[in-house]
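**Q** got a predicted structure plus its sequence, pasted below:
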Amino acid sequence: MFRPCFILLALLPAIGLLQAQTRNVPVEKWPWFETQTAHFNIYSCGGVQDTYRLAGCLEQFCRAYSILAGKDAIASPPTVVIAFPDHDTMKPFLPLYNGQPGNIAGFFTRGSDENLIVLSLPSPDDPGMDVIFHEYAHLLFRHNDQAWPIWLKEGMAEIYSTFQTQVGYVVIARPIEHHLETLASEPMMPLHDLFAVTYDSPQYNEASRQGVFYAESWLLTHYLMAGDNPIIRARFAQYTGLLRQGQWPEQAFTNALGVSLQVMQNALERYAKAGKIEPITLKLSADLSSAVPVKTWPVTPVEILFRLGDEQLRIGREDTALAWFNHARQLAPASPLPYEGLGLLASQCTNSSEAVAELQQALQRGSTSFLVHYIYAREQYHLTSHGGDIYTPLQDDLAGEISGELNKSIELMPSFAPAHELLGFFEMVQGRNLGLAEDQLNAAIALEPENTAYIYTLAQVQVRNNEPDAARRTLQPLLLPNADARVRADAQELESKLNPAN
């Protein structure tokens with residue numbers, strides 16, 4: 001188990017009263033505090049020591065990933081964690097399934113501006129971090145999003161969901177009992193069917209079928225990474241490369257491993273029956289037990305109202321988000337936070353005029369949010385469009401304001417890819433500085449290499465800048481047989497303009 005130690009840089013004595021406080025008041029009136037580490041901002045109204053334990057656990061996972069990935073590590077946007085003291089307190093803030101809060105221990109949502117983790121605080125005896133580690137692994141492996149089939153994405157996330165640390169080592173791929181029980185009681189899917197699962201498939205979306213899909217995805221990934229066949233383990237490393245070359249998942253699988261799906265199906269069934277699921281132990285080049293610096297301070301009432309509203313907004317509960325933001329405005333009308341929330345809500349509801357008005361109020365009240373500057377510029381720009389997606393060059397005053405807001409967003413958060421992408425697109429339309437447009441789009445792609453829209457826009461800029469060879473090279477990954485059909489069709493149309501019929 002992990003054994004984090006902490007340097008407490010700031011800790012207010014009043015926070016220590018949390019555990020003793022009577023919980024008969026609304027959750028927003030509880031004493032909330034923020035704990036900040038190198039990679040996480042944790043908002044909690046629970047126990048201080050439990051929050052520190054959570055912070056140490058998350059930082060160890062992040063550190064271990066960085067050490068193991070090395071130069072291939074993927075940068076992540078800021079991660080906000082909202083940690084409730086127990087499941088009952090968290091329940092009103094869970095995503096809805098069939099109109100009711102989901103029966104889940106916690107969840108993770110990914111965004112270009114920030115990631116969000118919501119959970120109840122783990123106890124020392126039952127950290128309960130498997131769901132969070134699973135979802136966080138999706139984020140860290142997102143550079144493979146366009147290549148990996150869903151079974152491998154989910155299987156790999158399950159492998160990392162069992163993350164534990166020991167002195168000098170990390171252990172992953174530990175046995176998952178509920179998957180083993182599922183596989184012992186239900187027949188496996190044929191691998192052909194497993195490979196055909198998409199995000200729209202019943203096997204992925206229906207709770208009654210998710211068990212076998214997740215269990216078999218985990219088992220297959222485990223066999224490929226840690227199974228009893230060393231030849232298969234060695235050949236598995238070739239799979240991602242063949243996928244990136246454009247081979248379909250089944251084709252790349254059989255080519256990489258040198259076996260048919262039926263042979264692999266038989267081997268997988270034998271592996272499940274044998275029940276010898278050995279974990280993977282990885283030696284680390286650095287010590288994870290070093291101190292985790294933290295800073296802790298109380299959160300103002302208006303900020304927690306904003307945070308709770310923002311959480312609801314990110315899970316699609318716009319009605320309750322509106323209530324939180326309006327409450328914040330009543331409490332602190334001079335603060336920029338309520339107007340930030342209302343502007344983001346209007347933007348999510350595709351009301352550009354209202355979004356611009358609310359965000360302008362936030363900026364006038366001193367907002368320093370990179371997201372506010374970006375959304376304000378994006379919605380202003382959207383109001384100038386023709387038919388929603390057709391843009392023409394703007395006059396200098398408005399163009400200067402939009403580009404200025406985008407540059408301010410980038411200044412505040414250089415790793416925010418959407419601001420780079422929109423500034424690149426904006427400069428392409430303005431036609432004044434196509435070199436700057438290319439630079440901004442290359443920056444966006446470096447930050448989010450899995451985003452095919454950025455790649456397509458870069459190719460458009462290169463076409464306008466009379467760089468047909470560069471455009472062809474840029475379009476290549478979008479033209480592969482296993483690329484998304486709509487993306488491939490757009491890329492083919494753009495490529496056809498580079499090769500006019502004689």
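**A** Yep, that arrived. Residues are numbered from 1 along each chain as shown.
**Q** got a pLDDT number for the residue nearest in space to the middle of the chain?
**A** In the chain, the centroid-proximal residue (CA atoms, centre = their mean) is residue 110; its distance is 2.9 Å. As predicted, residue 110 sits at a pLDDT of 82.
**Q** again with the one 10 residues further on
**A** The confidence metric pLDDT takes the value 88 at residue 120.
**Q** ok, it - contacts?
**A** 46, 83-87, 89-90, 105-106, 128 (CB atoms under 8 Å, 6 or more residues apart in numbering). (C-beta placed from N, C-alpha, C; glycine too.)
**Q** one more time with 10 Å
**A** 46, 50, 83-91, 105-106, 128 (CB atoms under 10 Å, 6 or more residues apart in numbering).
**Q** helix or strand: which one has the residue lying closest to residue 490 once chain neighbours are set aside?
**A** Nearest residue to residue 490 in three dimensions, chain neighbours excluded: residue 456, at 6.2 Å (CB to CB, 6 or more residues apart in numbering). Residue 456 belongs to helix 452-464 when assigned by DSSP states H and E.
**Q** list the helices and strands that helix packs on?
**A** If contacts are counted by 3 or more CB pairs under 10 Å, 6 or more residues apart in numbering; DSSP states H and E, helix 452-464 sits against helix 417-430, helix 434-447, helix 468-475, helix 485-496.
**Q** buried residues in that helix?
**A** By neighbour count with 16 or more other CB atoms under 10 Å, helix 452-464 contains the buried residues 452, 454-463.
**Q** and if you look at stretch 285-299?
**A** 288, 292, 294, 296, 299.
**Q** switch those residues over to JSON lines; also include secondary structure and distance to residue 276.
**A** JSON lines is the format used below for the buried residues of stretch 285-299 (DSSP: H, G, I helix; E, B strand; the rest coil; distance: CB to CB, whole Å):
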{"residue": "288", "secondary structure": "coil", "distance to residue 276": "28"}
{"residue": "292", "secondary structure": "strand", "distance to residue 276": "36"}
{"residue": "294", "secondary structure": "strand", "distance to residue 276": "41"}
{"residue": "296", "secondary structure": "strand", "distance to residue 276": "45"}
{"residue": "299", "secondary structure": "coil", "distance to residue 276": "49"}
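**Q** mind giving me the domain split of the protein?
**A** According to automatic domain parsing, the chain comprises the domains 1-168+283-299, 175-278.
**Q** got the buried residues for the strand or helix carrying residue 404?
**A** Here residue 404 sits within helix 396-412, counting by DSSP H and E. Across helix 396-412, burial judged by 16+ other CB under 10 Å covers 399, 402-403, 405-406, 408-410, 412.
**Q** now do the residue nearest to residue 490 against residue 388, distance only.
**A** Note on residue 456: its distance to residue 388, by CB to CB, to the nearest Å, is 18 Å.
**Q** show me what contacts residue 137?
**A** Per CB under 10 Å, 6+ apart, neighbours of residue 137: 61, 65, 108, 153-154, 156-161, 163, 172.
**Q** following element in sequence after the one helix or strand it maps to, please.
**A** Using DSSP H and E, residue 137 sits within helix 130-140. Downstream of helix 130-140, the next assigned helix or strand under DSSP H and E is helix 150-161.
**Q** average pLDDT across that following helix?
**A** Average pLDDT, helix 150-161: 92.
**Q** after it, which helix or strand is next?
**A** Taking DSSP H and E, what comes next after helix 150-161 is strand 164-166.
**Q** got the buried residues for whichever helix or strand comes after that following strand?
**A** Next in sequence after strand 164-166, counting helices and strands by DSSP H and E, comes strand 169-172. Neighbour counts over strand 169-172 (16+ other CB under 10 Å) mark 170, 172 as buried.
**Q** what lies in contact with strand 169-172?
**A** Here strand 169-172 makes contact (CB under 10 Å, 6+ apart) with 60-61, 63-65, 67-68, 133, 137, 156, 158-165, 222, 225-226, 279-284, 288.
**Q** drop anything exposed from those.
**A** 60-61, 63-65, 67-68, 133, 137, 156, 158-165, 222, 225-226, 284, 288.
**Q** can you read off the pLDDT for residue 21?
**A** Residue 21 carries a pLDDT score of 49 in this model.
**Q** also the one 4 residues further on?
**A** Among the per-residue scores, residue 25 holds a pLDDT of 86.
**Q** next one: residue 480
**A** 88.
**Q** the buried residues of helix 452-464: which two are farthest apart?
**A** 452 and 463 (16.5 Å; CB to CB).
**Q** was I right about residue 242 contacting residue 148?
**A** No. Applying CB atoms under 10 Å as the test, residue 242 and residue 148 come out as separate, 11.7 Å apart.
**Q** identify the contacts common to those two.
**A** residue 249.
**Q** now do the lengthiest helix in the chain against helix 150-161, angle only.
**A** In the chain, assigned by DSSP state H, the helix with the most residues is helix 48-69. Relative orientation of helix 48-69 versus helix 150-161 (axes from the mean of the first three to the mean of the last three CA atoms, to 10 degrees): 120 degrees.
**Q** right, and the helix or strand after helix 48-69?
**A** Using DSSP H and E, the helix or strand that follows helix 48-69 in sequence is strand 79-84.
**Q** which strands and helices sit next to that following strand?
**A** Looks like strand 79-84 contacts strand 33-36, strand 40-44, helix 48-69, helix 87-90, strand 106-109, strand 115-120, helix 130-140, helix 301-314 (3+ CB pairs under 10 Å, 6+ apart).
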